[in-house]
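*Asks:* show me the folded form of this:
(chains A and B)
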Amino acid sequence: MKTRLIALLLLIATLGIGWFVWKTQANPASAYRFRLGLDLQGGTALTYQADVSKIDPSRVAASMASLRDVIERRVNLFGVSEPVVQTEEAGIAAGSGAAAERLIVELPGVTDVQQAVDQIGKTPLLEFRTLTIDTTHATIKNGVLDLGTTSPQFVASGLTGRYLDLATLEFDPTTGSPIIGLSFNAEGKDLFDKLTKDNVGKPLAIYLDGEQISAPTVNEEIRDGKAQITGSFTVADAQKLVRDLNYGSLPVPITLISTQTVGATLGEQVLNSGVKAGIIGLIIIGLFLILWYRLPGLVSVVSLATYIALMLALFKLIPVTLTSAGIAGFILSMGMAVDANILIFERMKEEIRSGRSITDSIREGFARAWLSIRDGNLSGLIASVILFWLGTSLVKGFALTLGLGIIVSLVTALVVSRTYLLALPTGGEGSSVARFFFGSGFRNKVDAHDFASQKRS
Amino acid sequence: MLVVKYKHWFFAFSLIVVILAALSFFGWGLKFGIEYTGGTIAEYTFQSGAPSVDVLKQELAPLNLGEQIQPVGSAATNDQGVVIRTRFLSEDDHVALKNAISNNGATKFTEKSFDAVGPVIGQELKNKAIWALILVIICIVIFIAFAFRKVSEPVASWKYGVVAIIALVHDIIVPAGAFGLMVHFGSAEIDILFTTALLAILGLSINDTIVVFDRIRENLRHRFSNKETFEYTVGKSLSQTYLRSFNTSFTVILALLALFLFGGDTTRYFSLTLLVGMAAGTYSSIFLAAPLLIVLNDWQNRKKVSKK
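*Replies:* Here you go, the predicted model:
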């Protein structure tokens, strides 16, 4: 029978997928190994708040993108395998719009947080500030203007490290002391040109991380976008500064707002427990199904095996990063995957009870149970989608495995279970042996709580 | 059908359970984890036995961290350590903390885990969580009202939605109450996993309610030809579906049981909350949702009669 052939093909496909899953996991060099979240393999996750208040709103997205690139460059220098650097907008749940831009950095295997943060976070923010007269504290005393302060006031000019193309280490030919040469990009060149033109004869202060490091006087308009910073740097300081400036002056200042570190042993423990729970869960569910639903129960166990193989393969191929909650979601979805099967079987029993042949009952069972299955799973999907939006990466893992599980379980219940069931030998259609195998529960035949199986549409 | 016959008893029982659960949750359960309050939790294990809490307190005193120290693990399993909670620590503070614990290199320890959450994130997550809960409930109710839109007679389809809300609220208050017990007698805290569990319960427990409603919908089509009262139809539907409703939940509960007993500590309270939630969900579909439909129908009829 054609159905038997398809059933056989499905079985072979399941074994094939299972083999693929096994092989790629056993081979450490395979590109398809499971991706493990930080809470399973150990590592550090850092969340930074980016201060975009001084950036023109239309350029925020571009700035965040370049911030991401800069940080990623630094992280890669760190030699971490598969780091994740992502920008995130906090969205409607955040307090204020301006403070809502985030950067998330995930470093698997890195447990020395200090080193990571130093490398990533403490980056020089280079600013050029111009002189201004601040009159907020000024008063008039005896007809004379008193500024109320004696230190020069500098205000941000808009030219920052964002516009820096290259920083070089040079040495003063006469004194031999280190000089930092700056070369701006096209936009920066124009800005610098304008700045120097407007401020000839006045000091143009150079600030690094909020501290003034030099305030040379502008002699003339500088059109070629090149500048030099002199100061009392040691060679080592100058080298570090040049290197930091080159790795990418940060387009946006960032502050660390959250850290999470999981040690590798803890991660492994969690992973092992998760896998153990999954296997045990599978066994008890399988036992229940076979003992209660007998032959169809066996079918649903085989179908569950297909479901699991498919899910694991999807985790590898998409890929889905597994977290501890993700594994929990997968185990939960195993329990739910059989739901559809149970609804179908119960429906089948009703049809058999009403006198239909077994084959017809199978078809009817599937047809009529579909509505409940569809509606029930849809609500689970709604919850998964909203959960995905809510969450940190831990929760996203759960939402993803649950949502994916619901979709895949629909497929396996409707396609796989159906094929396997239809492929079964049904013996003498009315025989009591057949009825035993397709019955369920502790009673041999159908249950007695029947209200009205007489009226059928 | 006995559920229908004794529905008022079941309503009373549900009400008592819900009240107790709410009391338990709000009375005992409102301990928030650092994800929602901000702060730091760090766990350290020591190779050669953990220093006593007093010693640690002395070492950390100059840092002014507002710390709470709790010993965990046991010498026997060689993982004796401490869990230290403080306010949010910047990276510099983190380093200072580690130096203080290590006595500047004298004591060897491993940092098993370190979580520092700033207060801004905490508040934001709280807001998001509340939004998510409201959104899921609204979506599901709309979904049910829509899915049952053609069943307007005798009970309007939106009323199915109302009954669903009541069942859903029951389905999250009961596990929240159980969670209160876990907070009081265990070490549970309201963290993001708890919120996830509640949201998952909302999405999953509605499954059974739909199975029952679905059967009611189907039977209603034939009810006039069978000359059945609404009450009889509901009762019939219940008796036809209670077994499958129970079984579908049972498999999920089996899976969760495996997770609870054998899964790691991270998901322990999570799986227990889900367990209670699924059980509550099954109960509410059979003993709460379906009988409530009957009650609604009765009220409607009473109004009609009194109008005449």
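*Asks:* tell me the helix or strand right after the longest helix seen in chain A.
*Replies:* Of all the segments of type helix in chain A, defined by DSSP state H, the longest one is helix A:264-317. Sequence order places strand A:321-322 as the next helix or strand after helix A:264-317, per DSSP states H and E.
*Asks:* direction included, what does that following strand pair against?
*Replies:* strand A:35-36 (parallel) (DSSP bridges).
*Asks:* before we move on, the earlier item: would the longest helix of chain A count as contacting chain B?
*Replies:* Yes - residues of helix A:264-317 are located near chain B by C-beta under 8 Å from any C-beta of the partner chain, namely A:265-266, A:269-270, A:272-274, A:276-278, A:280-281, A:284-285, A:288-289, A:292. The C-beta positions use only the backbone N, C-alpha and C, and glycine is treated the same way.
*Asks:* point to the residue nearest the middle of chain A.
*Replies:* Using C-alpha atoms, centre = their mean, the residue of chain A that lies closest to the mean C-alpha position is A:Ser393, 5.2 Å off.
*Asks:* check contacts around it.
*Replies:* Shown in contact with A:Ser393 (C-beta atoms under 8 Å, 6 or more residues apart in numbering or on different chains): A:37-38, A:45, A:104, A:106, A:321, A:323.
*Asks:* by mean pLDDT, point me to the weakest helix or strand of chain A.
*Replies:* helix A:432-438 (a mean of 60; mean pLDDT, DSSP states H and E).
*Asks:* ok, residue 267 - how many residues close by?
*Replies:* Let's take chain A. A count of nearby residues for A:Gly267, using other C-beta atoms under 10 Å in any protein chain shown, gives 23.
*Asks:* to clarify, I was referring to chain B.
*Replies:* 26.
*Asks:* repeat that for A:Ile290.
*Replies:* A:Ile290: 16 neighbours (other C-beta under 10 Å).
*Asks:* distance between the longest helix of chain A and the chain's centre?
*Replies:* Chain-centre distance of helix A:264-317: 25 Å, with C-alpha atoms, centre = their mean, to the nearest Å.
*Asks:* and the residue of the stretch 151-300 of chain B nearest chain A?
*Replies:* For the stretch 151-300 of chain B, the residue closest to chain A is B:Gly203, as judged by C-beta to the nearest C-beta, at 2.4 Å.
*Asks:* pretty sure that residue contacts A:Ala383?
*Replies:* Yes - between B:Gly203 and A:Ala383 there is a contact under C-beta atoms under 8 Å: 2.4 Å.
*Asks:* quick one: mean pLDDT for stretch B:248-260?
*Replies:* Average pLDDT, stretch B:248-260: 90.
*Asks:* confirm that A:Thr44 sits in a helix.
*Replies:* No - counting by DSSP: H, G, I helix; E, B strand; the rest coil, A:Thr44 is not found in a helix; it is strand.
*Asks:* pretty sure it sits against A:Gln115.
*Replies:* No - at 9.9 Å, A:Thr44 and A:Gln115 do not qualify as touching, with contact defined as C-beta under 8 Å.
*Asks:* quick one: which of those two has more around it?
*Replies:* A:Thr44 (23 against 12).
*Asks:* quick one on the thing from earlier: list residues touching both of B:Gly203 and A:Ala383?
*Replies:* Shared contacts of B:Gly203 and A:Ala383, counting by C-beta under 8 Å, 6+ apart, come down to B:136, B:140.
*Asks:* Three-state assignment for the one residue in chain A that gets nearest to chain B, please.
*Replies:* Using C-beta to the nearest C-beta, the point where chain A gets nearest to chain B is A:Ala383, with a distance of 2.4 Å. Of the three states, A:Ala383 takes helix according to three-state DSSP.
*Asks:* now it: how far from A:Leu295?
*Replies:* Going from A:Ala383 to A:Leu295 by C-beta to C-beta, to the nearest Å gives 33 Å.
*Asks:* for the two, indicate the residue with more neighbours.
*Replies:* Set side by side, A:Ala383 and A:Leu295 show more neighbours around A:Ala383, with 29 against 19, by other C-beta under 10 Å.
*Asks:* these two touch, right, the more buried one and B:Asn207?
*Replies:* No - A:Ala383 is beyond contact range of B:Asn207, at 10.6 Å (criterion: C-beta under 8 Å).
*Asks:* just give me the neighbour total for the closest residue to B:Asp214 other than its chain neighbours.
*Replies:* Nearest non-adjacent residue to B:Asp214, counting by C-beta to C-beta, 6 or more residues apart in numbering or on different chains: A:Ser372, 4.4 Å away. Residues contacting A:Ser372 under the criterion other C-beta under 10 Å number 27.
*Asks:* repeat that for B:Asp298.
*Replies:* Quick note: B:Asp298 (other C-beta under 10 Å) scores 12 neighbours.
*Asks:* tell me which element it is part of?
*Replies:* Short version, using DSSP H and E: B:Asp298 is in helix B:290-307.
*Asks:* so what's A:Ala383 up against?
*Replies:* Counted by C-beta under 8 Å, 6+ apart, A:Ala383 has contacts A:402, B:136, B:140, B:199-200, B:202-204.
*Asks:* by mean pLDDT, which helix or strand of chain B comes out lowest?
*Replies:* Scanning chain B with mean pLDDT, DSSP H and E, the lowest is helix B:223-226, at a mean of 69.
*Asks:* quick one: low-confidence ranges for the stretch 201-308 of chain B?
*Replies:* Counting by pLDDT under 70, the ranges of the stretch 201-308 of chain B that qualify are B:226, B:307-308.
*Asks:* which residue ranges of it form strands?
*Replies:* Listed in chain order, the stretch 201-308 of chain B contains no strands at all (DSSP state E, counting those that start in this stretch).
*Asks:* which residues in the stretch 51-200 of chain B form strands?
*Replies:* Using DSSP E, counting those that start in this stretch, strands in the stretch 51-200 of chain B cover B:68-72, B:81-86, B:109-117.
*Asks:* so the longest one, near chain A or not?
*Replies:* Going back to what we said before, that points to strand B:109-117. Yes - Strand B:109-117 comes into contact with chain A (C-beta under 8 Å from any C-beta), by way of B:110-117.
*Asks:* same question for the second one.
*Replies:* No - judged by C-beta under 8 Å from any C-beta, strand B:81-86 stays clear of chain A, getting no closer than 10.9 Å.
*Asks:* give the other helices and strands that that strand contacts.
*Replies:* strand B:39-46, helix B:53-60, strand B:68-72 (3 or more C-beta pairs under 8 Å, 6 or more residues apart in numbering or on different chains; DSSP states H and E).
*Asks:* list the buried residues in that strand.
*Replies:* B:81-86 (16 or more other C-beta atoms under 10 Å in any protein chain shown).
*Asks:* just say helix, strand or coil for the residue nearest to B:Asp214.
*Replies:* A:Ser372 ends up helix, using three-state DSSP.
*Asks:* B:Ile130: how many residues sit nearby?
*Replies:* Neighbour count of B:Ile130, defined by other C-beta under 10 Å: 12.
*Asks:* then B:Arg244?
*Replies:* 24.
*Asks:* same deal with B:Asn301?
*Replies:* 13.
*Asks:* burial measure for residue 262, as a count.
*Replies:* By default, I'm working from chain A. 27.
*Asks:* hmm, I had chain B in mind actually
*Replies:* Neighbours of B:Phe262 (other C-beta under 10 Å): 19.
*Asks:* cool, A:Leu9 as well?
*Replies:* Counted with other C-beta under 10 Å, residues neighbouring A:Leu9 total 11.
*Asks:* for B:Ala290, same thing?
*Replies:* 28.
*Asks:* was I right about it contacting B:Leu238?
*Replies:* Yes - between B:Ala290 and B:Leu238 there is a contact under C-beta under 8 Å: 5.3 Å.
*Asks:* which neighbours do these two have in common?
*Replies:* B:3-4, B:212.
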